[in-house]
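Participant: predicted model follows, preceded by the sequence.
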Amino acid sequence: MKLQSTNRLAAETSPYLLQHAHNPVDWYPWGAEAFAKARQEDKPVFLSIGYAACHWCHVMERDSFEDEEVARSLNEDFVAVKVDREERPDVDQLYMAAVQALGQQGGWPLSVWLTPALKPFMGGTYFPKAGFLALLRETARLWKTRRTDVLDDAVAVAQYLQDAARAVQPGVVEPDDVLERAARQLAQDYDPVSGGFSPAPKFPQASVIRFLLRRHLRTGEPEPLAMAERTLQSMARGGIYDQLGGGFHRYSTDAQWLVPHFEKMLCDNALLAAAYLEAFQATGNGFYARIARETLHYVLRDLSTPEGAFCGAEDADSEGVEGQFYVWTPEEARAVLGAADAERFCRAFGVTPDGNWEPSEESLPRDRSVLHVVEEGDLARLRGMMLRARGRRPRPRRDDKVLTAWNALMISALAKAAQVLGAPLYAKAAVRAARFLLVKHVSCGRLRRSSRAGVTGLDGYLEDHAYLAAALLDLYETTFDAAYYAAATRLAARAIELFWDDRAGGFFSAIPDEALFVRLREEHEGPLPSANAVMALTLLRLHALTGEPELLERAERTVASFHGALGRIPSGHASLLCAVDFLQGPVTAVVVSGPEPEALLSAARKVFCPNQVVALADGRAPIPILEGRGPLAGKAAAYVCRDWTCPPPVTDPAELEALLRRRI
């Protein structure tokens, strides 16, 4: 058969799908056309899930999907479907769970074989060409000769996932017990040399850091703070952090944070910036503020869109080589800096003739180094020169779609930075991004998942609603514009309407989809915060402002629905632990009123007090807790209410700060 030069993916907007538009594989996007073809031709579906910045997705494309022999096998015996996991997290969540149920390790690219009824019977991740081609041929043979066995396997996997979804049973969560056991588990997993909570590969776990900071605040124990600080410092001095341009790569391939997987994700940088800002609040160490600033400046410089939103990611590869953009030789440093400055730079950042980086392509030299901090010093001038020189290299590709959930995480980080660092630049950027989402990603009251080139994608998922509601509350606490409070309230109500699980409490991940054979909830927390946890925290924050009992009840039921998961591995649910900590209380509401409130607001924002809401009684927001909170003798006043008990207000910023610093 003649293989086509373009396929149906050419009509899509996803950068990941477009990367495959010229493959000889007859790809279909996820949808009715592909499913109908599978049924009509009685063929299994080959489902390939990945994302634009995924290095091994690129490798499998080059090795297999651009190969005519592989394409011929796929086109003759299967209906090939491509999915961008960032556009369809529900599809990714379901079939990732299926692959793991089949006893395989998850990851991307995700490769799954489905019946025409879309039930999975075999799967894995990356396959080299020879193994992949053999697997395609064997699967086609089994489909033709042992159909009953294949269908039985598919039914068994589907039934397993359906049973697991129904097995969620709420229970009583004891905060003291859960938080204590989580802290012990993290201490057992902790690497005392390099920080972090796993062997190689090591992922930055921003939610774990934020839980440990809360644990230290609640108990006064030094260990949680020490674990958080060593991890934050080791990451920021390692190669996982871009020592020239700021921002963090996806993960470290080793246990020392030295050699990263070089893709940069908007979501990771938003979460880590927020974690470093909280560490600055908790310790006063300006190092954490510097890393947060550099990370945010990277995003504003390299991931911003002209409209003020943020792109999803930068690729790991450039010039066809992973990491090529970021690594250096001593000779390259000398060409930029001259001999003397280059010697100082190379010594400070570990650039050696032997290198410390091994590219995945065996034919490439091994003499390049990933920059990491070996010696401290004032190297801003040299870093600036090297950054400008690096800017002349071919850049990694950007995934320029705008995801609601990830943009919301960045809005939260920027809002927190504006509060903690007193920097209007960050508030302005957060406002621009929020306005973009509220105008471009909301249509007829429905929140959309993504947009690119003026085209919006599917309806939003739980994480889109949860993260954006939280971000809008953060933005209210930054600007005190009542419109953001109102929008956050509407989004929280919409999330309850669309995703609430009446049986068990808590939230489903997506609205029902007839193509998917089970509607899933989150089983565990991955790199992103649990959307259920973020919803619980948002409901708790709204309850602290309004006193509405239904908000508290739904937050409590959400936490209770994870009783089993928290009982098994509480440390694997860090964001939910933060919600448990908030639920345990006391919750502080700071209400500021009167003329020139800036000094009091600055004092409130200086203190690390995560179980806190801040509101301004300026007559703009109809928030119940603001009622009756006026100025004191014509001066700005701050009311510090704990669990709706409000002592007399204070007018002195130092007194307010001292009041907030009292241990829980």
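Facilitator: Okay, I see it.
Participant: what lies in contact with the longest helix seen in the chain?
Facilitator: Across the chain, the longest stretch assigned as helix under DSSP state H is helix 147-166. For helix 147-166, contacts defined as Cβ atoms under 8 Å, 6 or more residues apart in numbering pick out 44, 94, 97-98, 101-102, 114-115, 117, 119-122, 142-143, 517-521, 523. All C-beta spots, glycine's among them, are computed from the backbone N, C-alpha and C.
Participant: mind checking which of the residues you listed are buried?
Facilitator: Buried by 16 or more other Cβ atoms under 10 Å: 44, 94, 97-98, 101-102, 114-115, 119-122, 142-143, 517-521, 523, out of these.
Participant: which ones among those lie within strands?
Facilitator: Of the positions in these, Leu114, Pro120, Phe121, Met122 sit in strands, assigned by DSSP state E.
Participant: which ones are touching Asp63?
Facilitator: So Asp63 contacts Pro128, Lys129, Phe132 (Cβ under 8 Å, 6+ apart).
Participant: can you do 6 Å?
Facilitator: Each residue near Asp63 by Cβ atoms under 6 Å, 6 or more residues apart in numbering is listed here: Lys129.
Participant: which one of the ones in strands among the buried ones among the contacts of helix 147-166 sits closest to Ser443?
Facilitator: Using Cβ to Cβ, Leu114 is the member of those that sits closest to Ser443, with 31.4 Å.
Participant: hang on, that closest one packs against Val45?
Facilitator: Yes. Counting by Cβ atoms under 6 Å, Leu114 touches Val45, with 4.1 Å between them.
Participant: so which strand or helix has Leu135?
Facilitator: Element membership of Leu135 [criterion: DSSP states H and E] is helix 129-145.
Participant: and the average pLDDT for that helix is what?
Facilitator: On average, the pLDDT along helix 129-145 is 97.
Participant: Ala638 in helix, strand or coil?
Facilitator: strand (DSSP: H, G, I helix; E, B strand; the rest coil).
Participant: same question for Arg383.
Facilitator: Under three-state DSSP, Arg383 falls in the helix class.
Participant: number of nearby residues for it?
Facilitator: Per other Cβ atoms under 10 Å, the neighbour tally for Arg383 reads 18.
Participant: which residue is the nearest non-sequential neighbour of Ala515?
Facilitator: Distance criterion Cβ to Cβ, 6 or more residues apart in numbering; nearest residue to Ala515, sequence neighbours excluded, is Leu118 at 6.1 Å.
Participant: repeat that for Asp618.
Facilitator: Among residues not flanking Asp618 along the chain, Phe480 sits closest, at 6.4 Å (Cβ to Cβ, 6+ apart).
Participant: Gln243 now?
Facilitator: Leu371 (4.1 Å).
Participant: about what we covered before: now do the helix holding Leu135 against helix 147-166, angle only.
Facilitator: Going by axes from the mean of the first three to the mean of the last three Cα atoms, to 10 degrees, helix 129-145 is angled at 100 degrees with respect to helix 147-166.
Participant: who are the packing partners of helix 129-145?
Facilitator: Applying 3 or more Cβ pairs under 6 Å, 6 or more residues apart in numbering; DSSP states H and E, we find helix 129-145 packed against helix 68-77.
Participant: might you calculate how far the very next helix or strand once past the helix it packs on sits from the centre of the chain?
Facilitator: Going down the chain from helix 68-77, the next helix or strand is strand 79-84, by DSSP H and E. Counting by Cα atoms, centre = their mean, to the nearest Å, strand 79-84 is centred 24 Å from the centre of its parent chain.
Participant: domains of the protein?
Facilitator: In terms of domains, the chain is parsed into 8-166, 175-316+399-584, 326-393, 588-661 (source: automatic domain parsing).
Participant: buried deepest among the ones you listed, which one?
Facilitator: domain 175-316+399-584 (a mean of 21; mean count of other Cβ atoms under 10 Å).
Participant: start and end of it, how far apart?
Facilitator: Length of domain 175-316+399-584, first residue to last, Cα to Cα, to the nearest Å: 6 Å.
Participant: let me see the mean pLDDT of that domain.
Facilitator: The pLDDT scores in domain 175-316+399-584 average 97.
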